[in-house]
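Novice: Next input, structure requested:
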Amino acid sequence: MVIQKNISLKRYNTFGVDYNAKYFVEINYKNDLIKLHQKKLFKQEKKLVLSGGSNILFTKDYDGIVIKNNIKGQKVINEDKDFIFLKIGAGECWHEIVMKCVENNWGGIENLSLIPGNSGTAPMQNIGAYGVEIKETFINLEAFDISTGKIINFNKKQCEFDYRESVFKNEKKDKFIIINITLRLNKNPKVNIEYGDIKKTLSRKNIKYPTIKDVSDAVIEIRQSKLPDPKIIGNSGSFFKNPIVSNHFLKKTLYNHPDIVHYKISDNKSKIAAGWLIEKAGWKGVTKKNYGVHKNQALVLVNYGGANGKEIFELSSLIIKDVKSKFGITLEREVNII
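Specialist: The predicted structure is shown next:
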């Protein structure tokens with residue numbers, strides 16, 4: 001474990017924006033955290049934890065210590081006739097974990113295929129896609145308390161999961177470093193194909209009785225058709241959250257916009273597709289110099305090469321302002337802004 005000075009963060013964030021960290025250190029083992037905590041520099045400097053760098057937009061240099069979490073490991077820690085309990089290191093690639101589960105016919109996270117980033121970020125964001133959220137398979141996680149140096153266990157209730165939210169984005173933001181997560185996976189999986197695009201894809205392939213591999217393949221196909229590969233075009237996936245509104249508000253909005261894409265989530269609340277709002281506001285495919293809104297998915301802001309984080313942030317602000325003026329809905333950024 002070596003603490004480096006003045007390190008470029010370009011290759012550590014999927015937007016590919018080029019800013020520097022005052023200090024930078026890579027953590028490969030739980031014990032590295034304990035050693036780091038004992039250093040004077042760690043106590044003096046402000047801290048930022050990076051995992052896969054897929055849900056962050058840097059808009060300036062980071063005047064502190066960036067901690068790159070590379071903690072690996074996959075282990076079945078328990079098993080019964082119905083479930084597998086899998087402990088996963090925070091630095092493991094999320095999609096590779098999904099593929100391992102699909103290969104073993106362990107169900108529950110196949111709808112979350114091809115989501116960028118590492119496993120430690122998954123509970124922080126309560127990642128979700130195509131009708132599934134990680135909280136549905138989540139059991140617990142181990143995290144390192146930055147202030148005390150102790151390792152704390154968090155169960156599902158303590159994580160306070162909500163739509164793209166957890167306690168680690170709110171009350172306990174920047175206070176813990178996730179070491180590992182444990183998921184409960186179904187050995188006799190039941191597929192979730194309620195999401196329209198999945199149904200359409202399976203139907204087109206004439207698959208009437210889909211397996212979790214069929215669902216995963218469908219999700220991958222859908223995502224690849226809509227979302228740019230961050231290895232080729234800088235992006236962080238969905239930049240905005242889908243807004244949640246009252247059904248009363250939705251009813252009024254439907255009067256003026258009967259084709260609005262929405263999903264009922266309770267008796268009094270619905271979710272509106274942010275991508276639809278952005279597209280109808282005229283932003284889909286808009287390019288400003290070397291950055292813009294992706295041509296196939298309006299939720300995705302992109303860096304075509306050489307853009308800086310401030311430019312991308314300002315673009316997101318223009319979109320938020322325009323959507324608010326046209327629909328009366330305030331979009332929230334899903335991406336963490338630094």
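Novice: Quick check: most distant residue from the centroid of the protein.
Specialist: residue 255 (33.1 Å; Cα atoms, centre = their mean).
Novice: So which bits of whichever strand or helix holds that one are buried?
Specialist: Taking DSSP states H and E as the criterion, residue 255 maps to helix 247-256. Buried residues in helix 247-256, counting neighbours by 16 or more other Cβ atoms under 10 Å, are found at 247, 250, 253. All C-beta atoms are positioned from the backbone trio N, CA, C, and that covers glycine.
Novice: Could you export these as a markdown table, including distance to residue 68 and pLDDT?
Specialist: Below are the buried residues of helix 247-256 laid out as a markdown table (distance: Cβ to Cβ, whole Å; pLDDT from 0 to 100):
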| residue | distance to residue 68 | pLDDT |
| --- | --- | --- |
| 247 | 44 | 92 |
| 250 | 42 | 91 |
| 253 | 43 | 90 |
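Novice: Columns distance to residue 128 on top of those residues, output as a markdown table?
Specialist: Below are those laid out as a markdown table (distance: Cβ to Cβ, whole Å):
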| residue | distance to residue 128 |
| --- | --- |
| 247 | 21 |
| 250 | 20 |
| 253 | 23 |
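Novice: any idea which of the residues you listed is the one closest to residue 10?
Specialist: Lowest distance from residue 10 to those (Cβ to Cβ) belongs to residue 253, with 40.8 Å.
Novice: List the residues that contact the nearest residue to the closest one once chain neighbours are set aside.
Specialist: Take residue 253 and drop its neighbours on the chain: the residue closest to it by Cβ to Cβ, 6 or more residues apart in numbering is residue 260, 6.0 Å away. Contact analysis of residue 260 by Cβ atoms under 8 Å, 6 or more residues apart in numbering lists 250, 253-254, 272-273, 276-277.
Novice: Show me which of those is closest to residue 190.
Specialist: Of the contacts of residue 260, the one sitting nearest to residue 190 (Cβ to Cβ) turns out to be residue 273, at 25.8 Å.
Novice: what about the closest one, how many residues close to it?
Specialist: Residue 273: 17 surrounding residues under other Cβ atoms under 10 Å.
Novice: Report whether the expected contact of it with residue 242 is present.
Specialist: Yes - counting by Cβ atoms under 8 Å, residue 242 is a contact partner of residue 273 at 5.8 Å.
Novice: What helix or strand is the residue nearest to residue 253 located in?
Specialist: Using DSSP H and E, residue 260 falls outside every helix and strand.
Novice: And the next helix or strand past the host helix or strand of residue 216?
Specialist: Using DSSP H and E, residue 216 sits within helix 212-226. Following helix 212-226 in sequence order, the next helix or strand is strand 234-235 (DSSP H and E).
Novice: List the neighbouring strands of that following strand plus their orientation.
Specialist: Here strand 234-235 has these sheet partners by DSSP bridges: strand 301-303 (antiparallel).
Novice: in the first helix or strand past the partner strand going along the chain, what counts as buried?
Specialist: The helix or strand immediately downstream of strand 301-303 is helix 309-327, counting by DSSP H and E. When burial is assessed from 16+ other Cβ under 10 Å, helix 309-327 yields the following buried residues: 309, 311-313, 315-316, 319-320, 322-323, 327.
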